[in-house]
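*Asks:* next comes the sequence, and after it the predicted model I'd like to discuss.
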Amino acid sequence: MTQFELSDEDVLKIDKFLSNEAIKERAVFLRKRAVFTDQYKNKDSNFLFEIIELAKKNGIMGYSFRSGTCAICGSGKNYIKFKSGMRKGEINHNKTWYSTVLDYRKSFVRVKDYTPFGVCEECRENGFDDLLKRTLLTGDFKFEWNDKIVPCPYEKDEKKICFKCEKSMWESEMSRSQKMFASHSTYASTCPHCGAVAMPFGASHDITEDFRIIEKK
Ligand SMILES: [Zn+2]
Ligand SMILES: [Zn+2]
C-alpha cells in the first residue's frame, strides 16, 4: 500500500469536494445499494436495485417489450455484414438491429432511436425473473408493478387539477367514463367537486407530477 501525506490545504480542498451534493447523493445511493444487495444476494441485485429505486421515484415499474440491449449482459445489438460488393464481409452499420428486451423503466417519452434499458430473455430465464418475483413478494415496496410479474397490492394514484373549478383531485376519487372505441375499458373522467367531465377529444383535467400509492381496490 502506498502511503502519502496531505497538506492542510489539500485536506481543505477535499472537504470542499465532499460537500458537493451530487457526491453525497451518490454516497447515500451506494450505501442503500449495499444494504439491498446484502439482503437480496444475487449476481443481478445491483441492476434490480436500480430499477426499484427508479420505480419508487416514478410510483410505477414499467413492463414493456422493446428492442434494445440487455442491461445485465450487454447483448442485443446485432450486426449484418455486407454480403457482396466492395465491402463484402464488413459490418453494415445502417442495418444494425436490436433484439427484444423487457424494459422495467416507465418511460413517458418516446425518443427516436432510444435504446431501452431492459433485460434479455436469456438473463430473465437465468435467474432475473425469479429474483424480481422473490424480491417483490418478500419486500414491501410501495409502487405499482405489472401483475404479470407477481400480483401487485398497490396502485399509483395521480393528482389532477380540474379544468373547470381548478380544484385538485386524486384519480381514484373521480368517476369513470367508457372509452369511445373500447367498450370494456374506462378512464377517470369526472371531477368529484364540480362534475366537469373530461372528453377524449375535448377538455381534459391537468396532469400534475404528484402521486400517492394506494391499496388496490
Ligand atoms: Zn442479458
Ligand atoms: Zn371541478
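*Replies:* Great, that's in hand. Fair warning: this is a prediction, and the values are worked out from it, not measured in the lab. Ligands and ions are numbered 1, 2, ... in the order given.
*Asks:* what's the lengthiest helix in the chain packed up against?
*Replies:* Scanning the chain for the helix with the most residues, using DSSP state H, yields helix 21-39. Packing partners of helix 21-39 (3 or more C-beta pairs under 8 Å, 6 or more residues apart in numbering; DSSP states H and E): helix 45-58. Every C-beta, even on glycine, is put in place using the N, C-alpha and C of the backbone.
*Asks:* so which helix or strand takes in the residue most central in space within the chain?
*Replies:* What sits nearest the mean C-alpha location of the chain, by C-alpha atoms, centre = their mean, is Arg105, with 2.4 Å. Using DSSP states H and E, Arg105 sits in no helix or strand.
*Asks:* so the nearest residue to it once chain neighbours are set aside: helix, strand or coil?
*Replies:* In this structure, Arg105 finds its nearest non-sequential neighbour in Gly62, 4.9 Å apart by C-beta to C-beta, 6 or more residues apart in numbering. Local secondary structure at Gly62 is given as coil here, using DSSP: H, G, I helix; E, B strand; the rest coil.
*Asks:* sorry, back to before: mind listing what's buried along the longest helix of the chain?
*Replies:* Across helix 21-39, burial judged by 16 or more other C-beta atoms under 10 Å covers 33, 36-37.
*Asks:* between those, which is nearest ligand 1?
*Replies:* Of all these, Thr37 has the smallest distance to ligand 1: 18.5 Å, by C-beta to the ion.
*Asks:* right, and the closest one touches Phe47 too?
*Replies:* No. Taking contacts as C-beta atoms under 8 Å, Thr37 lies outside contact range of Phe47: 10.1 Å.
*Asks:* could you double-check that the residue nearest to Arg105 lies in contact with Asp103?
*Replies:* Yes. Gly62 lies in contact with Asp103 (C-beta under 8 Å); the separation is 5.8 Å.
*Asks:* for the residue nearest to Arg105, what are its contacts?
*Replies:* By C-beta atoms under 8 Å, 6 or more residues apart in numbering, the residues touching Gly62 are 55, 103-107.
*Asks:* tell me the least confident of the residues you listed?
*Replies:* Least confident entry in these, by pLDDT: Ser107, with 68.
*Asks:* phi, psi of the residue nearest to Arg105?
*Replies:* Backbone torsions for Gly62, taken as degrees, to the nearest 10, come to phi -70, psi 160.
*Asks:* I'd like the distance between it and ligand 1.
*Replies:* Going from Gly62 to ligand 1 by C-beta to the ion, to the nearest Å gives 17 Å.
*Asks:* what does Phe163 give?
*Replies:* Counting by C-beta to the ion, the gap from Phe163 to ligand 1 is 45 Å.
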